[in-house]
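K.L.:
pasting the sequence and the predicted model now:
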Amino acid sequence: MSLHRKGRAALVLALVAVVAMAFRVSWNALRDIAGAVGADDTAAMLYPFVVDGLMALALIATLVLTGDARRFALRVLGAYTIASLVLNYVHGLVPELHGRTVDWGRLADWDPANWALVLLATSLPVGSIYFGSDLVAKVLHHRPAPIPTASTNAEESTDSERKRSTADLTVSTPAPITPNTTVLPRPVAVGFLKSTLPAKPPPSIAPAPVKPIEPRTVPAESTRPRRATGRVPDAAKPTRPKRTPEQLLAEARKATADWPDAKVTAEGIRREVRTSPANARTLRDTLLAERAEGAAA
């Protein structure tokens, strides 16, 4: 285990050394380019950190971020890598940049190419401010996904097993019906068909045990008088006044005046007059008697 750690540490140190030497080589070219586009000595010395430093920052961001933020960091890394490569290539093509004898603002003989190179060299510091700030904000606001633990995996496996073990049927399958295997005694022949062999005595059947009845506990009745619940409010009282038998009979006569005798029933009168079943039966008998007397007259 210690040998593995030592190997990883040596690999990291070697990578840091290679990156430092590559930065030194690129630093020389970018410093001369910055001086050619009008930067002073201090700005020209810091210019390589603006370009290659943002590349290192974007590389670290790609290792931390995920999703769209990681793809954005990769685009920034690729764009600044290509920009640094172009400026180093121009530095190799123009020997005058090495001794800083080139005219101010002149990186190529062809005017369109010169304008594009000057625009590229002067826009990289502004882009470093914008993209660098955005990458730092994304890294600070990034929330890594929680690492699943052994307990979480155990709970998930338990839940999945429970779901798989659940029956698909909503109604449980009834238990199979087992046939009664009790052997009944053979009938004994009578009369002339009676066998000479002695009859086999019927098997003795033990009586089923009787389960004693457990006494049930009956709640004791309270002797305390019930407390009055209070006066019934007027809103809860029926608004319809109580009718006398004469009034009920008059309403029933009016409601059943055009009814045939077959329709004059206690249920029909109860629904029409809105009275109790006993009153409805009394009204029915009275109305049918009146109709019978009228038909006889």
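P.N.:
Perfect, I can see it now.
K.L.:
hey, let's count contacts and neighbours off CA atoms from now on
P.N.:
OK.
K.L.:
need the helices for the stretch 51-200 of the chain, in chain order.
P.N.:
68-93, 111-140, 150-165 (DSSP state H, counting those that start in this stretch).
K.L.:
could I get these as a markdown table with mean neighbour count, distance to Arg231 and mean pLDDT?
P.N.:
Shown next, in a markdown table, are those (neighbours: other CA atoms under 10 Å; distance: least, CA to CA, whole Å; pLDDT from 0 to 100):
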| stretch | mean neighbour count | distance to Arg231 | mean pLDDT |
| --- | --- | --- | --- |
| helix 68-93 | 17 | 73 | 92 |
| helix 111-140 | 15 | 71 | 91 |
| helix 150-165 | 11 | 58 | 56 |
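K.L.:
would you format those as CSV with distance to Lys254 included?
P.N.:
Formatted as CSV, those follow (distance: least, CA to CA, whole Å):
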stretch, distance to Lys254
helix 68-93, 86
helix 111-140, 89
helix 150-165, 70
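K.L.:
which of those helices sits closest to Asn279?
P.N.:
helix 150-165 (63.0 Å; CA to CA).
K.L.:
the closest one: what's the following helix or strand?
P.N.:
Sequence order places helix 245-255 as the next helix or strand after helix 150-165, per DSSP states H and E.
K.L.:
and that next one, what does it pack onto?
P.N.:
For helix 245-255, the helices and strands in contact under the criterion 3 or more CA pairs under 8 Å, 6 or more residues apart in numbering; DSSP states H and E are helix 266-273, helix 277-296.
K.L.:
show me what it is in contact with.
P.N.:
Contact with helix 245-255 is made by Ile269, Glu272, Val273, Leu283, Leu287, as judged by CA atoms under 8 Å, 6 or more residues apart in numbering.
K.L.:
let's see that helix as CSV, backbone CA atoms only.
P.N.:
C-alpha atoms of helix 245-255 as CSV (Å, rounded to 0.1, in the frame of the first residue of the first chain):
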residue,chain,number,x,y,z
PRO,A,245,-106.5,14.9,12.2
GLU,A,246,-109.2,17.0,10.5
GLN,A,247,-106.5,19.1,8.8
LEU,A,248,-104.6,15.9,7.6
LEU,A,249,-107.9,14.4,6.3
ALA,A,250,-108.7,17.7,4.4
GLU,A,251,-105.2,17.7,2.8
ALA,A,252,-105.5,14.0,1.9
ARG,A,253,-108.9,14.6,0.3
LYS,A,254,-107.6,17.5,-1.7
ALA,A,255,-104.4,15.6,-2.8
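K.L.:
now do it and helix 266-273, the angle between them.
P.N.:
Counting by axes from the mean of the first three to the mean of the last three CA atoms, to 10 degrees, helix 245-255 lies at 100 degrees to helix 266-273.
K.L.:
re earlier: what's the closest of the helices of the stretch 51-200 of the chain to Tyr47?
P.N.:
helix 111-140 (7.7 Å).
K.L.:
that closest one - contacts with which helices or strands?
P.N.:
Short answer (3+ CA pairs under 8 Å, 6+ apart): helix 111-140 packs on helix 41-64, helix 68-93.
K.L.:
tell me the domain ranges of the protein?
P.N.:
With domains defined by automatic domain parsing, the chain comprises 2-140, 244-296.
K.L.:
so which of the ones you listed is the most packed in?
P.N.:
Highest mean neighbour count among these (mean count of other CA atoms under 10 Å): domain 2-140, with a mean of 16.
K.L.:
what about Arg24, distance to Leu30?
P.N.:
10 Å (CA to CA, to the nearest Å).
K.L.:
returning to what we had before: can you put the helices and strands packed on helix 245-255 in CSV and add mean pLDDT and distance to Ala17?
P.N.:
Listed next are those as CSV, based on pLDDT from 0 to 100; distance: least, CA to CA, whole Å:
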stretch, mean pLDDT, distance to Ala17
helix 266-273, 87, 104
helix 277-296, 87, 108
